[in-house]
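Visitor: Here is my input; please provide its structure:
(chains A and B)
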Amino acid sequence: MVRFENVGLRYGLGPEVLRDLSFRIEPHSFQFLTGPSGAGKTSLLRLLFLSLRPTRGLITVFGHDIASLSNDSMATLRRRIGIVFQDFRLLDHMSTYENVALPLRILGREESNYRHEVAELLQWVGLGERMWALPPVLSGGEKQRAAIARAVIARPQLLLADEPTGNVDPNLAQRLLRLFIELNKSGTSILIATHDIALMDEYDARRLVLHEGRLHTYE
Amino acid sequence: MTDVRQKLGVMSVPKKAEKVPSTGTAIIPKNSIAGQALIAVIAIMTFLASLTTGAVMLVLGSAADWQSEVAREMTIQIRPVAGRDLEADVRKAAEIASGAPAIADVQPYSKEESTRLLEPWLGTGLNLDDLPIPRLIVIRIAAGENPDVDALRSALSSQVASASLDDHRGWIDRMRAMASTAVFGGIAILALVLAATVLSVTFATRGAMAANGPIVGVLHFIGAKNSFIAGQFRRHFLALGFKGGLIGGGAAAMLFALAGLVGGRFIATAGGDQAAALFGTFSIGVLGYAAVLGQIVLIAMVTAETSRQVVNHTLDTVE
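Guide: Now for the predicted structure:
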């Protein structure tokens, strides 16, 4: 599904922030990405959701070498990847429903076709009563669930989550983890970037540990 | 996915969703674009463009009227020459002109009529016998006909040595040149107005993109193509362009309508006749108003397309 071969990344003329990364994300797999602050987790996530191209090395995503892809092709591939940010990145002027429906809207689907689908997913993540609300009035946990709903509404094959439990209490963190596990069981590959050791201990999954720009894998 | 959802005990799945809000909200918020300033700029640009177009159309209309008037007439001038009978020469020239094809009317000016023509410059009570004043014959060309000017000129010069034929070609050429200059000047002003509009919209689009950076970022990572993102901005700028264009074009159209109305009230006055002689009736006509409407649409389209191009270019550069 995703393959990194000797990937290196530097910003401008600065030092390499990622060095010789080689790993694969297999279909239906579940993995945690962890490491100290500044180790390059965010940069690796940006490479994974095709927001950056590597300085060197090979990245193939769904069988495509991203070095040779046009911007439009990259956008098409991005639709197969869901991403959840730590800071949610919901659009404040749109309702929760509209935020979650956004990926379907950019696919050009008519609202009448996805209305029930979005409402059902919002019910599923426990936001059925909050779909009218604007993000500024949602709690941190509600925002996080809305962001997750937006990431999975278009049924991505790969879901990337950056510190998804960073702003929620332990109880909700467990519920969110359970949600990710269920998504994984339904066929979505999951990669969760986190500092939360307790969260990682909750579920036995592969750990990708970044340290000083290098990746160590613990199966 | 429904099966998976049903496995989650804490989150129930309803059979049917009820009361779902609409997704009609614009992805790029309207109030995030500095619209009022841009509308004002576009209104001013459209107003200037419409005034220019109207002025060019007035000049073209008047020039066409003058040309058709002048082109339907020719003048034979008979110079007094010592030893020749001027009256006989006038009669002979008139006879030749009357016999030529495509001529509707030949009107020789008598000595008295020639005197009256010169009164504005020389005053009344002059005895023209003392001056070598040439005599004129005005020839009117039949409607829709083209006389053989060269043949007529040749016949006159062979039979009346002191006669010369003026087909007003020089005047017509000058008027054509003046009309062409007005058109080129108008086109140059329109090009400048469009360039200024494009620059204004470019700066406004860049500002709007900067203000909406987080939204563009979200659209980007959920897989929106550049054309989709550009389309969101284009929609806003098209509306702004139309609004500004309608204000500016509407003001110009009202100004022309007012000028036409005021001009109509001064008909048969000295100033009004002078202005009418120069600019016609001050009315740009249906074609003129259609041109103003066309400019409103053009400015709106230019505004929308410029914003789309700027967004596309910026996104391509960023990626």
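Visitor: In chain A, mark out all the strands, start to finish.
Guide: Ranges of strands within chain A are A:2-10, A:16-25, A:30-34, A:56-61, A:64-65, A:81-84, A:158-162, A:189-193, A:206-211, A:214-218, based on DSSP state E.
Visitor: most tightly surrounded among these?
Guide: Of the strands of chain A, the one with the most neighbours on average (mean count of other CB atoms under 10 Å in any protein chain shown) is strand A:81-84, at a mean of 26. The C-beta positions use only the backbone N, C-alpha and C, and glycine is treated the same way.
Visitor: Show me the residue at the heart of chain A, geometrically.
Guide: residue A:160 (2.0 Å; CA atoms, centre = their mean).
Visitor: Can you list the buried residues in stretch B:111-131?
Guide: Neighbour-count burial for stretch B:111-131, with 16 or more other CB atoms under 10 Å in any protein chain shown as criterion, is recorded at residue B:115.
Visitor: what sits up against it?
Guide: Stretch B:111-131 is contacted by residues B:109, B:133, B:135-136 when judged by CB atoms under 8 Å, 6 or more residues apart in numbering or on different chains.
Visitor: can I get the CA coordinates of it in CSV?
Guide: Extracted C-alpha coordinates of stretch B:111-131, given in CSV (Å, rounded to 0.1, in the frame of the first residue of the first chain):
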residue,chain,number,x,y,z
LYS,B,111,-23.5,85.2,-58.5
GLU,B,112,-26.0,86.3,-55.8
GLU,B,113,-25.8,82.9,-54.1
SER,B,114,-22.0,82.9,-54.2
THR,B,115,-22.1,86.4,-52.6
ARG,B,116,-24.3,85.1,-49.8
LEU,B,117,-21.9,82.3,-49.2
LEU,B,118,-19.1,84.8,-48.6
GLU,B,119,-21.0,87.2,-46.5
PRO,B,120,-20.0,85.6,-43.2
TRP,B,121,-16.4,86.4,-44.0
LEU,B,122,-16.4,89.5,-46.2
GLY,B,123,-19.5,91.3,-44.9
THR,B,124,-22.6,92.5,-46.8
GLY,B,125,-22.8,95.0,-49.7
LEU,B,126,-19.8,93.8,-51.5
ASN,B,127,-19.5,94.1,-55.3
LEU,B,128,-18.1,90.7,-56.4
ASP,B,129,-17.4,92.0,-59.9
ASP,B,130,-14.3,93.5,-58.5
LEU,B,131,-13.0,90.2,-57.1
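Visitor: ok so, going back, quick one: which of the contacts of stretch B:111-131 is most hemmed in?
Guide: Among those, the one with the most neighbours (other CB atoms under 10 Å in any protein chain shown) is residue B:135, at 23 neighbours.
Visitor: picking that back up, from the contacts of stretch B:111-131, which single one is nearest residue A:112?
Guide: Residue A:112 lies nearest to residue B:136 out of the contacts of stretch B:111-131, by CB to CB, at 82.8 Å.
Visitor: burial of whatever residue of chain A ends up closest to chain B, as a residue count?
Guide: Nearest residue of chain A to chain B, counting by CB to the nearest CB: residue A:119, 3.0 Å away. Residues near residue A:119, counting by other CB under 10 Å, number 23.
Visitor: before we move on, what about residue A:105?
Guide: Neighbour number of residue A:105 under other CB under 10 Å is 20.
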